[in-house]
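S.K.: Sequence unavailable; structure follows:
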Ligand SMILES: C[S@@+](CC[C@H](N)C(=O)[O-])C[C@H]1O[C@@H](n2cnc3c(N)ncnc32)[C@H](O)[C@@H]1O
Ligand code: SF4
């Protein structure tokens with residue numbers, strides 16, 4: 001259960017995407033309280049307990065941490081698979097950082113919601129900067145995925161994003177925006193013809209999209225199938241989520257159950273608390289399609 005870990009390494013961000021579910025403070029807290037030694041010590045103790053498989057570094061914006069290159073190096077020394085989730089704006093800030101990602105074998109997911117200048121960039125922001133970062137990743141042959149949040153404002157750009165990803169050999173993940181149905185960005189406002197077009201585009205892009213079962217559900221969702229919360233929380237499958245202050249949670253959306261802190265808790269305590277919380281819990285009030293059943 002600790003073999004897969006998602007670390008929010010900075011709770012600040014240099015963007016303020018209007019749909020963001022992370023409570024970012026506009027670069028208010030760019031420096032995470034945890035040190036490299038805190039992380040290295042935690043990884044070492046975890047590795048003594050069970051083989052580690054996958055590390056995901058996210059935020060807020062993880063690249064706000066000045067020492068991110070060192071943190072990545074430490075991560076690679078314990079986990080065979082390391083993923084960096086970023087808005088891409090700071091990828092080219094340091095000379096050769098992208099080259100280092102390539103040499104270390106870090107997989108990078110860059111959030112990008114559209115490529116056409118005609119789409120309003122105020123929903124997410126930073127599109128030009130993200131494209132600069134993505135182009136640098138392509139040039140350095142870093143294994144890259146574009147992660148797109150599909151909303152009522154950018155859905156018409158999907159074919160152009162697909163074309164851009166094909167051109168650069170990027171994978172693509174398309175996530176319906178996770179907001180309540182009454183939110184102005186919600187896809188519930190789209191008509192049948194628009195949804196049919198999106199389904200056709202996703203089907204045509206099938207070979208670029210990972211998670212086949214997930215895409216099957218995205219397509220059924222776009223086709224209007226009713227959705228309802230899961231009866232049991234899926235966080236059980238997802239390892240642990242570690243906040244920038246070291247608190248350990250079931251997932252990034254559920255902050256009410258703290259399982260411990262990486263600086264102070266024994267691994268066995270964390271595992272015991274996680275099992276107890278999972279047994280006591282049904283699903284939370286999540287709006288992400290990952291946490292909903294599509295009939
Ligand atoms: C919280 S961000 C953190 C990493 C980085 N700042 C970034 O934007 O990629 C991780 C991912 O969550 C997505 N995200 C945030 N709020 C969302 C929402 N309401 N619905 C769907 N995806 C969302 C972002 O677009 C991004 O792809
Ligand atoms: S860049 Fe990422 S963390 Fe920052 S506001 Fe946007 S989605 Fe949220």
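M.R.: Alright, I've got the coordinates. Treat the numbers as computed from the prediction; the structure is a model and nothing was measured. Ligands and ions are numbered 1, 2, ... in the order given.
S.K.: pLDDT of stretch 176-184, averaged?
M.R.: Average pLDDT, stretch 176-184: 89.
S.K.: which residues touch stretch 182-192?
M.R.: The contact list for stretch 182-192 (Cβ atoms under 8 Å, 6 or more residues apart in numbering) reads 18-19, 123, 150-153, 155, 176-177, 179-181, 195, 198, 222, 224. Bear in mind the C-beta positions are built from the backbone N, C-alpha and C, glycine included.
S.K.: So which of the residues you listed sit within helices?
M.R.: Using DSSP state H, the members of these that fall in helices are 195, 198, 222.
S.K.: Could you check the pLDDT of residue 273?
M.R.: In this model, residue 273 carries a pLDDT of 88.
S.K.: Find the nearest non-adjacent residue to residue 114, please.
M.R.: Nearest residue to residue 114, sequence neighbours excluded (Cβ to Cβ, 6 or more residues apart in numbering): residue 157, at 3.9 Å.
S.K.: That neighbour in helix, strand or coil?
M.R.: Secondary structure assignment for residue 157 (DSSP: H, G, I helix; E, B strand; the rest coil): helix.
S.K.: With residue 145 instead?
M.R.: Reduced to three states by three-state DSSP, residue 145 is strand.
S.K.: Surely it touches residue 112?
M.R.: No - assessed by Cβ atoms under 8 Å, residue 145 is found out of contact with residue 112, at 10.1 Å.
S.K.: quick one: contacts for residue 70?
M.R.: By Cβ under 8 Å, 6+ apart, the contact set of residue 70 is residue 36.
S.K.: Can you read off the pLDDT for it?
M.R.: pLDDT for residue 70: 97.
S.K.: Redo the ones in helices among the contacts of stretch 182-192 as a markdown table? Include distance to residue 253, neighbour count and pLDDT.
M.R.: Below are the ones in helices among the contacts of stretch 182-192 laid out as a markdown table (distance: Cβ to Cβ, whole Å; neighbours: other Cβ atoms under 10 Å; pLDDT from 0 to 100):
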| residue | distance to residue 253 | neighbour count | pLDDT |
| --- | --- | --- | --- |
| 195 | 26 | 17 | 95 |
| 198 | 25 | 22 | 96 |
| 222 | 23 | 22 | 92 |
